[in-house]
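Asker: sequence and computational prediction follow.
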Amino acid sequence: MNNAEVAQVFEDIADLLEIKGEKVFKVIAYRRGAESIRSQGRDINAIWKEGKLEDIAGVGKAIAEKTDELLRTGKLEYYENLKHEIPIGLLDMLKVGDVGPKKAARFWKELDITSVEQLEAAAKSGELQELSGMGAKSEARILESIEALKRRQTGRMSIGVALPIAERLLGELRQHPMVKAAETAGSLRRLRETVGDLDLLVSTDHPEEVMQAFVELPIVGRVRSKGPVKTSVELIDGVRVQVWTHPSERFGTALQYATGSKDHNVRLRELALSMGLSLSDQAFKLDDGGEITVANEAEVYEKLGLPWIAPEMREDRGEIQAARNGDLPKLIEVKNLRGELHAHTTWSDGKNSIDEMVRAAMKEGHKYLAITDHSQSLGIANGLTVKRVEQQRKEIAKARKGLKAKFALLHGTEMEILADGSLDYADEVLARFDLVIASLHTSLRQPRKQVTARMLNAIRNPHVDIIAHPSGRLIGKREPADLDMDQILEAALEHGVILEINSNPERLDLNDIYARRAAEMGIPLAINTDAHRPEHLAFRSFGVGVARRAWVTSKQVVNCWTAARMQKWLKARG
DNA sequence: GCCGTTTTCGGCCCGACTGTTTTCAGTCG
């Protein structure tokens, strides 16, 4: 079992215990343990073999023992017993809005409902409102929520989809005369790879008017709840949006609160309490009943004796401790990037010519660009035969002549790692490229040993400079290859191979967890867009988001090097 | 169930909105 699978078991246990009515802190402990296991940059199996399970934050004796049983036998008796006791279909019911553990338990015990389908039927027949405490409105809300759940399908959307929608809504809000400021919050502001709902925060002294104007926007489909402080809607395409209002003098605590993550906020409040302060979205409350309002988010941290912590780091992954110790890294920024090392043209499956991509890269502010079209085996993408590589080399040489001295154009390739582990070009062909990227596009579902061996073979080839989108995942569409990442990272470090953070919001690969581990190990990283057209070059902000979530500084990213340093490094590698 | 710059026991973050139960529980974030 991998980290995600183990984490899922503990998340299910948390849900089941909650339905059972178990103490809430026990439930929270399982959730925290699950999240912690999920966000380890290392294979849980490796940690287990070293006997270091209890070193994981949030994993104590009980969860360690259960993890041990899971990894040893593939099963967990405690979990099986729970599932025997409580129908597993109730977990799906928790995904329905307005249905939590208490209601799910009652529907099951009092009406024998154990699935979303049965819940829908009961709501339609008016059965639900016969329960005490349930009325016609509650029943109608549940029906609406089931409909919404069907529309939503996957539940979370890519940050690449979410951010443009949020920007559009912010634009609308900022046009309102009574709005002083409007910002993103929640996982959107933390630049998580996927976003469940959009959290927006508005500074205003006229909350009722602003909320009214917001729910009247044509893009809003359904109002889930509406108050002056908090309003929750669903857009016509099913995207859920939550808007909070606060007066400007409380905007600092409000923005901090709404940005989360929940776990980060819990830690921060614990720290506040230890200093005799109670922190909420409203203010710091003092023991004597007084309060301190904060307009600026940085001041919230300042009051707690901390430097401001970038939103991307607020995941309770050690950032508060680092802040206390003065060890926060100076995170990379988009403006630190000097070049793009992964781009396609019409020579393979790109949509634009070499010249057009060069102009686009210059416009983006880059000082260098590597053209890295696909290799011969990727027929579907019009991969280049050795003969066409030579033709392309001539065109690139020609393009260089038209360039100002300040811009470097590199001739690279994105070479296939074939299903049998061999590489798509012979070494003497690879030697003539300025830059060689190797990547997996096919046979991603091979067993762990096989697919890992393919990748290791590529890393060990002296001509390979970068491994692109290592896992091959497409968020929400295709699972990552079952790579032994511990081995991959070790090999990359040993052979000085760069690992890519692919900035395409569908990929974001390496993800934040492995990027952090790679950076900690000292493996050089590249932030590339894999652009197939000029507009894609702007994806780099998403890649930088992943890097920032991974605590990465500009020193650890090769795209921050000057063109001269990059060329020197590549030449030295051969 | 986890954890320790108050603690190895006794805590564990805080508030808005909704529906319905005349005083609050449930859900959500």
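Answerer: Cool, the structure landed. Only a predicted model underlies this, so the values are computations on that prediction, with no experimental measurement involved.

Asker: so where does A:S232 fall, helix or strand?
Answerer: Using DSSP states H and E, A:S232 falls within strand A:230-235.

Asker: other SSEs contacting that strand?
Answerer: Under the contact definition 3 or more CB pairs under 8 Å, 6 or more residues apart in numbering; DSSP states H and E, strand A:230-235 sits against helix A:207-215, strand A:220-226, strand A:240-246. Every residue, glycine included, has its C-beta placed from N, CA and C.

Asker: could you redo the last one with a cut-off of 6 Å?
Answerer: Judged by 3 or more CB pairs under 6 Å, 6 or more residues apart in numbering; DSSP states H and E, the packing partners of strand A:230-235 are strand A:220-226, strand A:240-246.

Asker: return the distance of the residue of chain A most remote from its centre relative to A:S232.
Answerer: When distances are taken from the C-alpha mean of chain A, A:E130 lies farthest, 42.7 Å away, according to CA atoms, centre = their mean. As judged by CB to CB, to the nearest Å, A:E130 and A:S232 stand 28 Å apart.

Asker: got it, and A:N502?
Answerer: From A:N502 to A:S232 the distance is 34 Å (CB to CB).

Asker: which of those two has more neighbours?
Answerer: A:N502 (28 against 18; other CB atoms under 10 Å).

Asker: what pLDDT does that one get?
Answerer: At A:N502, the predicted lDDT confidence score is 97.

Asker: how about the nearest residue to it once chain neighbours are set aside, phi and psi?
Answerer: Closest residue in space to A:N502, ignoring its immediate chain neighbours: A:H469 at 4.0 Å, by CB to CB, 6 or more residues apart in numbering. Note on A:H469: its backbone torsions stand at phi 20, psi 70 [degrees, to the nearest 10].

Asker: where's A:H469 relative to A:I527, distance?
Answerer: 12 Å.

Asker: who's more crowded, the two?
Answerer: A:I527 (31 against 27).

Asker: which residue is nearest the centroid of chain A?
Answerer: A:E193 (2.3 Å).

Asker: so that residue sits against A:L508, correct?
Answerer: Yes - counting by CB atoms under 6 Å, A:E193 touches A:L508, with 4.7 Å between them.

Asker: pLDDT averaged over the longest strand along chain A - what is it?
Answerer: In chain A, taking DSSP state E as the definition, the longest strand is strand A:408-416. What strand A:408-416 shows for mean pLDDT is 96.

Asker: packing partners of that strand?
Answerer: Strand A:408-416 is packed against strand A:368-374, helix A:386-401, strand A:435-439, with contacts defined by 3+ CB pairs under 6 Å, 6+ apart.

Asker: mind listing what's buried along stretch A:66-81?
Answerer: A:66-67, A:70-71, A:76, A:79 (16 or more other CB atoms under 10 Å).

Asker: actually stretch A:283-292, not the one I wrote
Answerer: Buried-residue list, stretch A:283-292, by 16+ other CB under 10 Å: A:283-284, A:291.

Asker: and for stretch A:99-112?
Answerer: Applying 16+ other CB under 10 Å to stretch A:99-112 flags A:99, A:101, A:103-108 as buried.
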